[in-house]
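S.K.: Sequence first, then the predicted structure, then my questions.
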Amino acid sequence: MTAARGHVRPFRADLARSVRLFRAFRVEQTDPDRFYGLLARDTVAQLRTYTDLADRLVLDVGGGPGYFTEALRDAGARPLCVDCDAGEMALRDGVIPDGAVLGSALALPFRDASVDVCFSSNVLEHVPDPWAMADEMVRVTRPGGTIYLSFTNWLSPWGGHETSPWHYLGGRRAAARYARRHGRPPKNRYGESLFPVSVGEARRWARRCSAVETLDVLPRYHPRWAVPVVAVPGLREIVTWNLLLVLRRR
């Protein structure tokens, strides 16, 4: 059963929220509905602190099976989900989400300035040219619209995804170890479907992108008081865990 239209839990970036998310993270593989459902509701509540979603056209880039699309719709938005993998979109009971479009994040199949909000959660590290994807998200967003872009940075504890923490010894070495241990390659293959992206790179891209104004740069899952860590070179790459950029299209 979905929530009533427009009903979203108020967002508070406090320590209790961080603990709740990290506890749910432990069951990502075994109970994805629990984890991604919670994360989607939390994320939409966070997004609403930056922009009104009622009747807004929101593009969910790399939305896969549609957890975020569903939460956006419950919040009153008009969401569209674009993903390059039909199999990923059909992961939930073999049903492709309503409003899903097959397409690449590196060449979004939408006109310039065609959406009110462009959203992406944990997709940037899975494309070979992350800043081309970021540029595409800016391109399709109308002036005054909002871009919400988050990703797992490579040097965070979960940077290697299921191969973590061995990615600290090298992505290929971590993948080889995973294959030996589990008898199969990891889903997220270093250099093929998982690429190293850094907090520093993200901040530099945002500064040089003249088409946007930066509203926030923060560690997505952390309490609000942890925001200053993203300004500390080196430390931010490990501590941030997941970086969030919130931008406004000029």
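M.R.: Ah, there it is. This structure is a prediction, so every number in the text was calculated from the model and none was measured. Numbering: from 1, shown residues only.
S.K.: quick one: the helices in this protein?
M.R.: For the chain, the helices defined by DSSP state H cover 15-25, 32-47, 67-74, 86-89, 130-140, 171-182, 199-208, 235-239.
S.K.: where in this protein is pLDDT low?
M.R.: Within the chain, the stretches with pLDDT under 70 are 1-9.
S.K.: Kindly state the domain boundaries assigned to this protein.
M.R.: Following automatic domain parsing, one gets these domains for the chain: 15-153+198-249, 154-196.
S.K.: how much space is there between the most centrally placed residue in the chain and R23?
M.R.: The residue lying closest to the centre of the chain (CA atoms, centre = their mean) is S121, at 1.2 Å. Distance, S121 to R23, by CB to CB, to the nearest Å: 19 Å. The C-beta positions use only the backbone N, C-alpha and C, and glycine is treated the same way.
S.K.: rewinding a little: of the domains of the chain, which stretch is the most buried?
M.R.: Per residue and on average, the most neighbours among the domains of the chain fall to domain 15-153+198-249, with a mean of 18 (mean count of other CB atoms under 10 Å).
S.K.: Send me stretch 11-24 as CSV with only the CA atoms.
M.R.: Extracted in CSV, the C-alpha atoms of stretch 11-24 (Å, rounded to 0.1, in the frame of the first residue of the first chain):
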residue,chain,number,x,y,z
PHE,A,11,13.1,15.4,7.2
ARG,A,12,15.6,15.8,10.0
ALA,A,13,19.3,15.1,9.4
ASP,A,14,20.1,14.0,13.0
LEU,A,15,22.0,11.2,14.5
ALA,A,16,19.0,9.0,14.9
ARG,A,17,18.3,9.2,11.2
SER,A,18,21.9,8.2,10.4
VAL,A,19,21.7,5.2,12.7
ARG,A,20,18.4,4.2,11.2
LEU,A,21,19.9,4.3,7.7
PHE,A,22,23.0,2.4,8.5
ARG,A,23,21.1,-0.3,10.3
ALA,A,24,18.9,-0.7,7.2
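S.K.: ok, back up a step: ok, the residue nearest to the centre of the chain touching C81?
M.R.: No. With contact defined as CB atoms under 8 Å, S121 does not count as touching C81 (11.5 Å).
S.K.: and for the two, which residues touch both?
M.R.: Residues touching both S121 and C81 (CB atoms under 8 Å, 6 or more residues apart in numbering): F68.
S.K.: what's the distance between R173 and W154?
M.R.: 14 Å.
S.K.: In contact with L243: list those residues for me.
M.R.: Neighbouring residues of L243 by CB under 8 Å, 6+ apart: S150, F151, N153, V199, A202, V217, L218, P219, R220, V230.
S.K.: what about the fifth one, distance to R208?
M.R.: Here the distance between A202 and R208 works out to 11 Å (CB to CB).
S.K.: can you check the fourth one too?
M.R.: In this structure, V199 and R208 are separated by 15 Å, where distance is defined by CB to CB.
S.K.: cool, the second one as well?
M.R.: Computed as CB to CB, the F151 to R208 distance reads 18 Å.
S.K.: before we move on, what about R250?
M.R.: The gap separating R250 from R208 is 14 Å, by CB to CB.
S.K.: for the longest strand along the chain, packing partners?
M.R.: Counting by DSSP state E, the longest strand found in the chain is strand 141-152. Secondary-structure packing of strand 141-152 (3 or more CB pairs under 8 Å, 6 or more residues apart in numbering; DSSP states H and E): strand 115-121, helix 130-140, strand 242-249.
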